[in-house]
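Visitor: Structure for the following, please:
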Amino acid sequence: MSKHHLGEFEEIVLLTVAILHGEAYGIAIINEIEQRLNRKVSIGSLQTVLRRLEKKGYLNSEFGESTKVRGGKRKRYFSITSLGKKVLITTKEQRQGLWNAVPQFVFNN
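Guide: From the prediction side, this is the model:
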């Protein structure tokens with residue numbers, strides 16, 4: 001196993017940040033996950049994972065411009081780093097290797 005490990009929710013969040021490319025901020029990430037996976041996500045659990053992924057070096061973040069709609073509050077936008085991309089590719093390859101190792105007859109029932 002590689003030294004970089006992703007939990008299931010970490011993987012989902014990283015993939016979602018990649019999908020939203022340039023528009024990945026808290027509520028947008030939650031909406032995308034809920035829409036694509038029909039899975040409820042709390043802002044608290046998302047923020048915890050975003051901080052952890054940033055600390056691991058898989059994500060970067062920066063603040064956008066303040067807007068009157070948000071009462072002057074700025075959105076924090078997330079982007080995937082090169083290390084984050086490498087970890088996602090490795091994770092995909094590992095999972096695909098597992099899927100490929102399952103004998104076909106297992107699914108023929």
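
Visitor: for whichever strand or helix holds Gly97, packing partners?
Guide: For Gly97, the host element (DSSP states H and E) is helix 82-101. Helices and strands touching helix 82-101, as assessed by 3 or more C-beta pairs under 8 Å, 6 or more residues apart in numbering; DSSP states H and E, comprise helix 8-20. All C-beta spots, glycine's among them, are computed from the backbone N, C-alpha and C.

Visitor: Quick check: what element follows the helix it packs on along the chain?
Guide: Counting by DSSP H and E, the element after helix 8-20 in chain order, helix or strand, is helix 26-37.

Visitor: So which bits of the very next helix or strand once past that next one are buried?
Guide: Remark: after helix 26-37, the chain's next helix or strand is helix 43-56, criterion DSSP H and E. For helix 43-56, a neighbour-count test (16 or more other C-beta atoms under 10 Å) marks Leu46, Val49, Leu50, Leu53, Glu54, Lys56 as buried.

Visitor: Retrieve the pLDDT associated with Val69.
Guide: On pLDDT, Val69 comes in at 65.

Visitor: on that earlier part again, can you show me the CA trace of the helix holding Gly97 as PDB?
Guide: This file holds the C-alpha atoms of helix 82-101, laid out as PDB (Å, rounded to 0.1, in the frame of the first residue of the first chain):
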ATOM      1  CA  SER A  82      -0.300  17.800  -8.100                       C
ATOM      2  CA  LEU A  83       0.200  15.500  -5.100                       C
ATOM      3  CA  GLY A  84      -3.600  15.300  -4.700                       C
ATOM      4  CA  LYS A  85      -3.900  14.300  -8.400                       C
ATOM      5  CA  LYS A  86      -1.200  11.600  -8.000                       C
ATOM      6  CA  VAL A  87      -3.000  10.200  -4.900                       C
ATOM      7  CA  LEU A  88      -6.300  10.100  -6.800                       C
ATOM      8  CA  ILE A  89      -4.700   8.300  -9.800                       C
ATOM      9  CA  THR A  90      -3.000   5.800  -7.400                       C
ATOM     10  CA  THR A  91      -6.300   5.200  -5.600                       C
ATOM     11  CA  LYS A  92      -8.100   4.700  -8.900                       C
ATOM     12  CA  GLU A  93      -5.500   2.200 -10.000                       C
ATOM     13  CA  GLN A  94      -5.600   0.300  -6.700                       C
ATOM     14  CA  ARG A  95      -9.400   0.000  -6.800                       C
ATOM     15  CA  GLN A  96      -9.400  -1.000 -10.500                       C
ATOM     16  CA  GLY A  97      -6.900  -3.700  -9.700                       C
ATOM     17  CA  LEU A  98      -9.200  -5.100  -7.000                       C
ATOM     18  CA  TRP A  99     -12.200  -5.000  -9.400                       C
ATOM     19  CA  ASN A 100     -10.200  -6.700 -12.100                       C
ATOM     20  CA  ALA A 101      -9.200  -9.500  -9.600                       C
END
